[in-house]
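Student: Based on what follows, work out the 3D shape:
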Amino acid sequence: MTNEATETSLHLGFDETRTRVVLRTTDQYQQDLVQLAARFRTGGQLGPLSASVALDELLADLSVLSGWPHHEGVEWSPELRNLVASVIQDANTVETRLSHAAPPDEIASRDVPGMLGDTWTGELSEFQLRDIAKLLSLQHGANFSVPGAGKTRVALAVYAAQKTQGRVSRVLVVCPKSAYESWRYETAVCFRHPLRTHVLDGSMDRWAEVLIVNYERLDRSLATLASWLKAAPSMIILDEAHRMKLGARGTYGAACMALGPLAKRRLILTGTPAPNGAKDLENLLGFVWPGHGQRTVARAVAGGDLAYASSVLRPLFTRTTKQELGLPPVRLRMRYVDMPPLHSEIYTSLVGGIGRRTARDDLSALGKTALRLLMAATSPALLLEGASKYEPLAYQLPPLEVPEGSSLYSLMQNLPDYELSPKYQEAVAIVAENARQGRKTLVWTTFVRSLTTLERMLEKYSPAVVHGGTPDRDEQLRRFREDPSCAVLLSNPATLGEGISLHQVCHDAVYVDRDFMAGRFLQSLDRIHRLGLAPGTETRVTVLAVQNTIDEVVAARLDQKLEFMGKILDDPTVQQLADLQEEPSVAAGLAPSDIEALLRHVGSR
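Tutor: Residues are numbered from 1 along each chain as shown. Prediction:
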């Protein structure tokens, strides 16, 4: 029998989500447990002898445990103990970095090739070698380089170096489906012998060295993935990591946070780490450094001086900018179109009805409001049809129910005679002029019914169309790239905003409309503006908008988000995108500050 001196008085272990820690005690220390849990903001009793605390808060405030009256009786589960030891080490690394003192084990770019092992064969640029060196100097890391900078290859090089040192032997890659092709290609060409790579699609290859899974499958595959990560020393890479920007509050984020502690090394990749502001960046770095990432970001931005915040945070991530890639700048312009009188009356009537009905705290209703206003500013006919079943779930709306006898009802009855949208007409005119010059055009619009309408209007230009319901996506993209008669590609950023390259054949883009998602806007821009552009190539992007509508609200909010992101990343190129030159999208990506702007717009009409 265990004597009292070594008897367990407090046991700490993960709950099933691995985002909270369960504390268990005995009858003797029941009151001490109550007091301990109360010292944590997220602490709460599960029962008389058990409580739980958010993992991130516990790791940030380990010193609170020093108040436990029976130190020698504290017992940690092995998984949690290993994470705590790692976090303490990480905290020292982070503090050293934040003090801007060069750590004793700093790695230089020239050291990298010798660390990659005999099997590495991939070519690396100077900026990639620099990024790899910085990431290897950190226990865990973040690569915020712009799309086209080769983040996939950099991540694989970090893995190769860690494998050569015997620290890891396998890697889990979490990424969008659109990035599968890139990971398969890079794992084949960067090594003398292609790495054994498997995409988790129902079956499971337990001998795979690289296991790839998409964010949508994460939640229902948690047990399988946790088992795989624990079976051997593993690295986890989150590609397009902004997908989990909600952290533990979102489905993707909670799954990532649950898997993160099981990996020996964590690395996140995204060119848009703060699409809605500081909270996104807090959650991303909270995954990389549990207990310290969120707190570090919050402290850095608390004073409101983003230049200072950038200088503070810069040691914790690496970023290659478009300027460093040597890309010519994008020529961006806003082009305003006028709504026909009936369209304008319908928009005004719709806003009036919304202003009376929408509650500030009804996020679902506000999201639908934003989508309906985006529809009305583009083409009121979209309101009558509602969303297509091929829209992303967050964008699906039923047709608008308009009460008979209302002013809006009578206006909508007259709509068919005035149906043609000036935005559609302008998009067609731009495509026609580009085609005359032998230039292909990429047309973006949020709604699938806009895509199908434009497909009919642009029939003479053999349009390629890609949306959520497109059965032959690869064939559509092949036609656009290779068929001279195919002068236009129609798509929405939710479907094609990530993971493909079109810059070899297309240098013109038109946005029929935009939602509030700054990250998605930046990602979609990069489809035609990325590494590999011929010198002197002019990339032209036109954003269509209607004055005095939600289009102006979206434009102002995107400007503010891009300015924040550019300053926090110390990248003036991003800030410049927030200053579009004028020329004679919960649902719609609403963040809390977007809601305030939307309510002001609705209330001002």
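Student: Quick one: residues contacting the residue nearest to the spatial centre of the chain.
Tutor: For the chain, the residue sitting closest to the mean C-alpha position, by Cα atoms, centre = their mean, is residue 242 at 2.1 Å. The contact partners of residue 242, by Cβ atoms under 8 Å, 6 or more residues apart in numbering, come to 270, 272, 273, 275, 280, 284, 519. C-betas here are computed from N, CA, C, even on glycine.
Student: check which helix or strand covers the last one.
Tutor: Yep, that's residue 519 we're talking about. Residue 519 is located in helix 518-525, with elements delineated by DSSP states H and E.
Student: Just after that helix, pick out the following helix or strand.
Tutor: Once the chain leaves helix 518-525, the next helix or strand it forms, by DSSP H and E, is strand 539-546.
Student: Run me through the strand neighbours of that next one, direction for each.
Tutor: Strand 539-546 pairs in its sheet with strand 330-337 (parallel), strand 506-511 (parallel), by DSSP bridges.
Student: Who are the contact partners of residue 557?
Tutor: 516, 518, 593, 594, 597.
Student: Filter these down to the buried ones.
Tutor: 516, 518, 594, 597 (16 or more other Cβ atoms under 10 Å).
Student: Least confident of the contacts of residue 242?
Tutor: Lowest in pLDDT among the contacts of residue 242 is residue 275, which has 78.
Student: how close does the spatially closest residue to it that is not a sequence neighbour sit to residue 425?
Tutor: Spatially, and ignoring its direct neighbours in sequence, residue 275 is nearest to residue 519 (3.1 Å; Cβ to Cβ, 6 or more residues apart in numbering). Relative to residue 425, residue 519 is positioned 30 Å away (Cβ to Cβ, to the nearest Å).
Student: Comparing the two, which residue is more hemmed in?
Tutor: The neighbour comparison of residue 519 against residue 425 (other Cβ atoms under 10 Å) goes to residue 519, with 26 against 12.
Student: Correct me if wrong: residue 335 contacts residue 541.
Tutor: No - applying Cβ atoms under 8 Å as the test, residue 335 and residue 541 come out as separate, 10.6 Å apart.
Student: now for the buried ones among the contacts of residue 557, which pair is the farthest apart?
Tutor: The two members of the buried ones among the contacts of residue 557 with the most space between them (Cβ to Cβ) are 518 and 597, at 13.2 Å.
Student: Assign the closest residue to residue 382 other than its chain neighbours to helix, strand or coil.
Tutor: In this structure, residue 382 finds its nearest non-sequential neighbour in residue 375, 3.9 Å apart by Cβ to Cβ, 6+ apart. Counting by DSSP: H, G, I helix; E, B strand; the rest coil, the backbone at residue 375 sits in helix.
Student: Quick check: phi and psi on the closest residue to residue 421 other than its chain neighbours?
Tutor: Leaving aside its chain neighbours, residue 421 sits nearest to residue 379 (3.7 Å; criterion: Cβ to Cβ, 6+ apart). The phi and psi values for residue 379, taken as degrees, to the nearest 10, are phi -160, psi 110.
Student: Neighbours of residue 379, how many?
Tutor: Residues near residue 379, counting by other Cβ under 10 Å: 26.
Student: How about the contacts made by it?
Tutor: 419, 421, 423, 424, 450, 453.
Student: Give me the neighbour count for the second one.
Tutor: Around residue 421 sit 26 other residues, with neighbours defined as other Cβ under 10 Å.
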